[in-house]
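Asks: pasting a predicted model and its sequence here:
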Amino acid sequence: MAPNSVPVTIEKTRDFSSLQVDESQSPLFPEKQKAASPKQFTWVLLLKLHKVFICFSWLSMALKATFSLVKKRISLSDVSDEDSKNRGRLYRFIKVFLALSVGGLALELIAHFNKWNLHGLIQPWEVTNLLQWSYMAWLSFREDYIAPVVVSVSKFCIVLFLIQSLDRLVLCIGCFWIKYKKLKPTIDADACDIEDPSKFPMVLVQIPMCNEREVYAQSIGAACQLDWPKDRILIQVLDDSSDGHVQLLIKDEVSSWKEKGVNIVYRHRLIRTGYKAGNLKSAMACDNVKDYEFVAIFDADFQPNPDFLKQTIPHFEGKPDVGLVQARWAFVNKDENLLTRLQNINLCFHFEVEQQVNGHFLNFFGFNGTAGVWRIKALEESGGWLERTTVEDMDIAVRAHLNGWKFIFLNDVKVLCELPESYEAYKKQQHRWHSGPMQLFRLCLPAIITSKITAWKKANLILLFFLLRKLILPFYSFTLFCIILPLTMFIPEAELPLWVICYVPIFMSFLNILPAPKSVPFLVPYLLFENTMSVTKFNAMVSGLFQLGSAYEWVVTKKTGRSSESDLLSLAERESKSSSEDKISRRHSDSGLELLTKLKQVEAPKKKRNRIYRKELALAFLLLTASARSLLSAHGVHFYFLLFQGLSFLIMGLDLIGEQVD
C-alpha cells in the first residue's frame, strides 16, 4: 500500500452509503494528544484563582474607597441650609412611607421564610399564631381596601404618562418633518444693506449680572466685539452685585472697553428689587435707550459670536408682527462630567425639538431669558418686565403672545454658555425653572381666558404649554416611579405592567437622546437621572402652584468661567493688558491708593463642601427596600429597575455626581 494512501470502506445499505475511514492505518492522522498533565492543570487553576483574587481585591478596594468617601461626605457635609427644606411635608411623607415599607419588608421576610401561604387558608383555626393571623388580616385588608385605591391612582398616572409620551412623539415627528423638508426661517434679500451702515437699526445690548466674578470679563468682551456699527449700538452692563470688590472689577472692565471706543455704560442699582426682572426694567427706563429699536439680552456666562446681530436682526425686517428672535444655546463644558452630559441631552431636545417645532408651527415658545433679541415695541406693548415671578422671561413671552406678537427660533445660530457642573447648582436652577411656571400659570390664567387670541392658541397655552409640560410631567414622573411603583411591590394586586416601567420609558428616552446622538451610550443613566430629578421638580411645582416660601427663592447659578478655544483666541488681546492694579492707580490719581487697598483686602472665600440631600437619600432607601421585596417575588425587571433607581437616588443624595469638592 502506498505510504500516503488511506484505506476506505464503503458499505451500501438501501438508500445511503456508509463511509468508514480506517485512521489507524494512516500516518496522515497523528495520534491523539495526551491528556493535560496534573502540573499543567495546577497552573491553569492557579491562573484562574489569580484572576479571581485580582477581581475581588479591586472590588474590595473600590468598595472601601466608596464607603470611606460616603463616611467622609456624611461627617463633613453641611446640612444646615437644607434642614428647613428637608423638614417640609414632602420629606415627612417620604420618611413615613419608608418606615412603613421597612416594616412591610420585615413581615414579608418572615412570611417568606416560614413558607406561609395564607391565601390558601379557608378556616380561621388553621392559623397557628398571632403573627400569622396579623399577616392574614393584612392581606385581606390590602386586597379589599388599599389595592383598589392604588390601582385607580396608578391608572390615572399611566393615562397622564401616555398623554405626555404622545406629546413628545408628536414633537419628534414635527422635528423630523422640519429636517426632511429643510424648513428654516427666511429673511428678505434686502433686509439689511451691509454696504450702508447708516441704515442699520439701533440695537441695545443688555448684560444683567450679579456677583459674576468668574465670567464677567468674557461676557463683556464678547458683547463689545459684536460686528455692528459703533454709533448704532449701546451696551449696558447691568450689575446687581452685592460684593463691592466684584463691582470694582466689572466697572474697571467696562472702562477699559470704553477707552477703546466701544459705546458701553455701567449701571448699578441702589435699590435691588425684583432680581433680574427688576434689573432689566430699571435699565429700560433710562433716557438713553429711547432711540433704540431692538434689545439683545445675554446672561453673564453667554458669549455671542461677532456676527450674532447680523444673523438675528434681519429676521425682523419686513415682518412688523415679529417680536422675538431666539437663538440656540451651545455649551463649552458639555463633556466636563456625567452631570453636564445628561443636562446636554435635555437641553438639546428642548431647543432642537420643542423650541424649533413650536416656533415653526405655532410662532410661539417660551423665551429662554438670554441669547435673544426683542423688538422694544413688543416689550412695551406687552407691559414690560414684571417682578411678579422668578421666570420673567416666560412671563413676558406669554404676555407678548397674548398681544399677537410672533416669535422666530433660529436653530442654526448658537451662543456659547455654561452648564452647571455641580448638583447643588443644578438642583437650585431646576427648582426655579419649575416653580416659576406654576406661579405664572396662576397669574396668567384669567388673562389667557379673556384674551382675543384664537381658541386653539388658548388651548395650547393652558393644556400643553402649562398643564402638560410644566405640571403633569413632574407630577406623574414622581408619583408613578417614586411612589406607586415601590408601593406595588407590597401590593401585588396593583402591580404595574412591564411596558410602563421599561419599554415606553426607554423608547421615550431614546427619542430624547436623538438630537444629541453622541449621548446614546448614556441612555439608561439619562432615564434614571430624569426619574431622580423628579423629586426636585415635583417639590418645585407644588411650591409654585400653592405659593409656598421656596417658590420665590432666586439663587444665581454658579459659573466656572470656562471658555472654548475660539473664545480664548478672540480675547487674547485682553491678556496683554496691564494689570488691574496699574489701571486703577492710573485712572484714579487721588483715590487710587484707597481703591487698591480695597481690592487687596478681598476676603478669603469660604471653604466649599459637598452636601447631602435627605429627600434623595430617603427615596433611595425606600426604592432599595422595595427592590428587596420584589426580589422575594422574583419580579425580574421590576427588581432591576428599583435597584438601579435606588442607587441613582443614593448617588444624588450623597452628591457624588458632578463637580466634587475636596
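Replies: Okay, I see it. All values reported here derive from a predicted model rather than from experimental measurement.

Asks: can we go C-alpha only for contacts and neighbour counts from here?
Replies: Fine.

Asks: how about stretch 291-308: buried residues?
Replies: Using 16 or more other CA atoms under 10 Å as the test for burial, stretch 291-308 gives 292, 294-306, 308.

Asks: in helices only, show me those.
Replies: Among those, the ones falling in helices (DSSP state H) are Phe308.

Asks: among the buried residues of stretch 291-308, which two are most distant?
Replies: Within those, two members stand farthest from each other by CA to CA: Tyr292 and Asp301, at 24.4 Å.

Asks: quick one: which of the buried residues of stretch 291-308 sit in strands?
Replies: Among those, DSSP state E puts Phe294, Val295, Ala296, Ile297 in strands.

Asks: make CSV from those and add pLDDT and distance to Gln355 to it.
Replies: Output for these, formatted as CSV (pLDDT from 0 to 100; distance: CA to CA, whole Å):
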residue, pLDDT, distance to Gln355
Phe294, 97, 21
Val295, 97, 21
Ala296, 97, 19
Ile297, 97, 18
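
Asks: can you show me the strands along the protein?
Replies: Shown for the chain, the strands assigned by DSSP E span residues 8-13, 16-21, 203-209, 233-239, 264-268, 294-297, 322-331, 372-375, 406-417.

Asks: Leu183: which of the ones you listed is closest?
Replies: strand 406-417 (10.9 Å).

Asks: pLDDT on that closest one, on average?
Replies: When pLDDT is averaged over strand 406-417, the result is 96.

Asks: out of the ones in strands among the buried residues of stretch 291-308, who's nearest Ile94?
Replies: Using CA to CA, Ile297 comes nearest to Ile94 of those, at 41.5 Å.

Asks: can you pull the contacts of that closest one?
Replies: Val205, Gln206, Ile207, Pro208, Gly369, Thr370, Ala371, Gly372, Val373 (CA atoms under 8 Å, 6 or more residues apart in numbering).

Asks: one more pass at 10 Å, please.
Replies: 204-208, 223, 235-236, 280, 369-374 (CA atoms under 10 Å, 6 or more residues apart in numbering).

Asks: who does it bridge with?
Replies: Taking DSSP bridges as the rule, Ile297 bridges to Gln206, Gly372.

Asks: for the closest residue to Asn411 other than its chain neighbours, give its distance to Thr370.
Replies: Residue nearest to Asn411 in three dimensions, not counting chain neighbours: Arg328, with 5.6 Å by CA to CA, 6 or more residues apart in numbering. Per CA to CA, to the nearest Å, Arg328 is found 10 Å from Thr370.

Asks: again with Gly404
Replies: Per CA to CA, Gly404 is found 21 Å from Thr370.

Asks: with Leu471 instead?
Replies: Distance of Leu471 to Thr370, computed by CA to CA: 24 Å.

Asks: again with Ala628
Replies: For Ala628, the distance to Thr370 (CA to CA) stands at 47 Å.

Asks: check Asn263 too.
Replies: Taken as CA to CA, the span from Asn263 to Thr370 is 21 Å.

Asks: kindly report the same for Leu169.
Replies: Leu169 sits 28 Å away from Thr370, going by CA to CA.

Asks: so those two - more neighbours on which side?
Replies: Thr370 (22 against 16; other CA atoms under 10 Å).

Asks: phi first, then psi, for Trp385.
Replies: Backbone torsions of Trp385, given as degrees, to the nearest 10, read phi -70, psi 130.

Asks: that one: neighbouring residues, count only.
Replies: Going by other CA under 10 Å, the residues that sit close to Trp385 add up to 21.

Asks: how about the contacts made by the closest residue to Arg399 other than its chain neighbours?
Replies: What sits nearest to Arg399 in space, not counting adjacent residues and going by CA to CA, 6+ apart, is Ser382, at 5.6 Å. Applying CA under 10 Å, 6+ apart, we find Ser382 in contact with Ile376, Asp395, Ile396, Ala397, Val398, Arg399, Ala400, His401, Leu402, Asn403, Gly404, Trp405.

Asks: so who does the closest residue to the fifth one other than its chain neighbours touch?
Replies: Same thing as Val398. With sequence-adjacent residues excluded and distances taken as CA to CA, 6+ apart, Val398 is closest to Gly366, at 7.3 Å. Contact analysis of Gly366 by CA under 10 Å, 6+ apart lists 326, 354-355, 358-359, 393-398, 401, 407, 465.

Asks: right, and out of those, which lies closest to Ala455?
Replies: For those, the nearest to Ala455 is His401 (13.4 Å; CA to CA).

Asks: I'd like to know how far the closest one sits from Leu464.
Replies: Using CA to CA, we find His401 at a distance of 15 Å from Leu464.

Asks: which of the two has more neighbours?
Replies: When His401 is set against Leu464 and neighbours are counted by other CA under 10 Å, the residue ahead is His401, at 22 against 17.

Asks: quick check, that one in contact with Glu381.
Replies: No. Look at His401 against Glu381 with CA atoms under 10 Å: they stay out of range, at 11.1 Å.

Asks: any buried residues in stretch 628-639, and which?
Replies: By neighbour count, with 16+ other CA under 10 Å as the criterion, the buried positions of stretch 628-639 are Ala628, Arg629, Ser630, Leu631, His638, Phe639.

Asks: related to what we said a few turns ago, now render the strands of the chain as CSV, adding distance to Ile158.
Replies: Putting the strands of the chain into CSV (distance: least, CA to CA, whole Å) gives the following:
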stretch, distance to Ile158
strand 8-13, 68
strand 16-21, 64
strand 203-209, 42
strand 233-239, 47
strand 264-268, 51
strand 294-297, 41
strand 322-331, 33
strand 372-375, 37
strand 406-417, 33
